[in-house]
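A.B. asks: 3D model of this:
(4 chains)
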There are 2 protein chains.
Amino acid sequence: MEILDLENFLPYRLYRLADAVSREFAGIYKDSHGLTRPEWRTLSGLGQHGTMTATALGEQSAMHKTKVSRAVAELERRRWLTRTPDENDRRVEHLTLTKAGLAAYGEMVPLAKAFERGLLEELSNGDRSAIKTALATLEACLGVSHPERKG
Amino acid sequence: MEILDLENFLPYRLYRLADAVSREFAGIYKDSHGLTRPEWRTLSGLGQHGTMTATALGEQSAMHKTKVSRAVAELERRRWLTRTPDENDRRVEHLTLTKAGLAAYGEMVPLAKAFERGLLEELSNGDRSAIKTALATLEACLGVSHPERKG
DNA sequence: CCAAACTGGTTTCATTTGTAACCATCGAAA
DNA sequence: TTTCGATGGTTACAAATGAAACCAGTTTGG
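C.D. replies: Numbering: from 1, shown residues only, chains lettered A, B, ... in the order given. The predicted structure follows:
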């Protein structure tokens, strides 16, 4: 009978690594501010782009719209963002970080970058660039970069 | 204010890719047999190693013990595995696939391998080997390979 | 021998997640 | 204009998850 070596199976390894990295990284937003991952991504998207709609947020950060909806609701409750109704389309709301939201964002960005740097430092120069192109290739192949995501 | 480019942030890219791959791959065990991921991993571990304890399963496949416990219960309900009490330690149970379990495993392994092949085909030879060493390095650095996992 | 600490495994409960249904609004076509 | 399908976003409900409590059995140290 043909067997599968799980520990060397790419989907499994990818998932396990991503999961470990993500848990590790969660310390930065969870322990310090009690954010969930969707909340962190929402904060991050708005910090980066200034103003976005919920739909745009979902696309940019690969989140299902229910996740976005709940994350936005929570950040609003904290008064880290505000909603502004769109002039032309009354279904749409434009989301923007408040001063408090920006402050939290500004505080976490350097920590996030340091975390990433810590990871990349472990890799040789060659592996560092190779992993980036490999990721890009697989992302393109899976249609992950700019699609209608479900996550 | 310093910003973070989420779409180029390694932890995010890793997670998003792993998530996409995992969803895609889930078709192989979910759509065909209605398995969850923990159930698939359990099946896979036992198919590969023949007989294991729940604890060993958790270590090999990076699952929290509650996930293992529930997956094992479900596979037992399907009569895909059986439990045999340990001779010396009455807390321990040895898990083994039944004929039906092995059949399902044998059926899925080629599909899994084909899926992995499909992914790797997208990469150049260089990237293929580089991504493996990069994964190994990060796994080692995060202590993912052989630890007390929580996932 | 006995108590305390530990380990394998299950269960309980609160939280998170996903699917689907839903509401409101919009755009296109009749 | 009216109707019908699509779209932005929220809500309801069921299933998956994780933390911690738990039970049973085992080891250790006095």
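A.B. asks: right, is stretch A:83-90 up against DNA strand C?
C.D. replies: Yes - contact of stretch A:83-90 with DNA strand C (C-beta under 7 Å from any atom of the strand) involves A:88-90. From N, CA and C alone the C-beta is placed, and that goes for glycine too.
A.B. asks: tell me which parts of chain A are close to DNA strand C?
C.D. replies: A:36-38, A:64, A:66-67, A:70, A:88-91, A:150-151.
A.B. asks: what about the closest residue to chain B within chain A, how many residues nearby?
C.D. replies: Here the residue of chain A nearest chain B is A:Ala130; by C-beta to the nearest C-beta that distance is 3.1 Å. Look at A:Ala130: counted by other C-beta atoms under 10 Å in any protein chain shown, it has 23 neighbours.
A.B. asks: ditto for the one 5 residues further on
C.D. replies: Other residues near A:Leu135 number 21, with proximity taken as other C-beta under 10 Å.
A.B. asks: mind listing what it touches?
C.D. replies: Counting by C-beta atoms under 8 Å, 6 or more residues apart in numbering or on different chains, A:Leu135 makes contact with B:13-14, B:17.
A.B. asks: cool, A:Lys113 as well?
C.D. replies: For A:Lys113, the contacting residues are B:2, B:4, by C-beta under 8 Å, 6+ apart.
A.B. asks: likewise A:Ser61?
C.D. replies: Contacts of A:Ser61 by C-beta under 8 Å, 6+ apart are A:41-42, A:44-45, B:6, B:12.
A.B. asks: report the longest helix in chain A, please.
C.D. replies: Counting by DSSP state H, the longest helix found in chain A is helix A:99-121.
A.B. asks: can you give me the distance of the residue nearest the centre of chain A to A:Ser22?
C.D. replies: Residue closest to the average C-alpha location in chain A (C-alpha atoms, centre = their mean): A:Arg41, at 4.1 Å. Distance of A:Arg41 to A:Ser22, given as C-beta to C-beta, to the nearest Å: 11 Å.
A.B. asks: got it, and A:Glu87?
C.D. replies: A:Glu87 is 38 Å from A:Ser22, by C-beta to C-beta.
A.B. asks: compare neighbour counts for those two and give me the winner.
C.D. replies: A:Ser22 (16 against 8).
A.B. asks: nearest residue to the more buried one other than its sequence neighbours?
C.D. replies: Counting by C-beta to C-beta, 6 or more residues apart in numbering or on different chains, A:Ser22 lies nearest to B:Tyr15, which is 5.1 Å off, once chain neighbours are set aside.
A.B. asks: got it, and A:Glu122?
C.D. replies: Here the residue nearest A:Glu122, using C-beta to C-beta, 6+ apart, is B:Cys141, at 4.5 Å.
A.B. asks: what score does the one you found have for pLDDT?
C.D. replies: Looking at B:Cys141, its pLDDT is 88.
A.B. asks: was I right about it contacting A:Asp127?
C.D. replies: No - using C-beta atoms under 8 Å, B:Cys141 is not in contact with A:Asp127, being 11.8 Å away.
A.B. asks: between those two, who's got more neighbours?
C.D. replies: A count of neighbours by other C-beta under 10 Å puts A:Asp127 above the other of B:Cys141 and A:Asp127, at 22 against 16.
A.B. asks: need the contact list for the more buried one.
C.D. replies: Under the criterion of C-beta under 8 Å, 6+ apart, the neighbours of A:Asp127 are B:130, B:133-134, B:137.
A.B. asks: so where do the helices sit in chain A?
C.D. replies: Under DSSP H, chain A gives helices at A:10-26, A:32-33, A:37-49, A:54-61, A:65-77, A:99-121, A:125-142.
A.B. asks: and for A:Thr82, the neighbour number?
C.D. replies: Using other C-beta under 10 Å, A:Thr82 has 14 neighbouring residues.
A.B. asks: isn't it right up against A:Leu75?
C.D. replies: No - at 9.7 Å, A:Thr82 does not count as touching A:Leu75 under the criterion of C-beta under 8 Å.
A.B. asks: what about A:Pro11, distance to B:Met63?
C.D. replies: Distance from A:Pro11 to B:Met63, by C-beta to C-beta: 15 Å.
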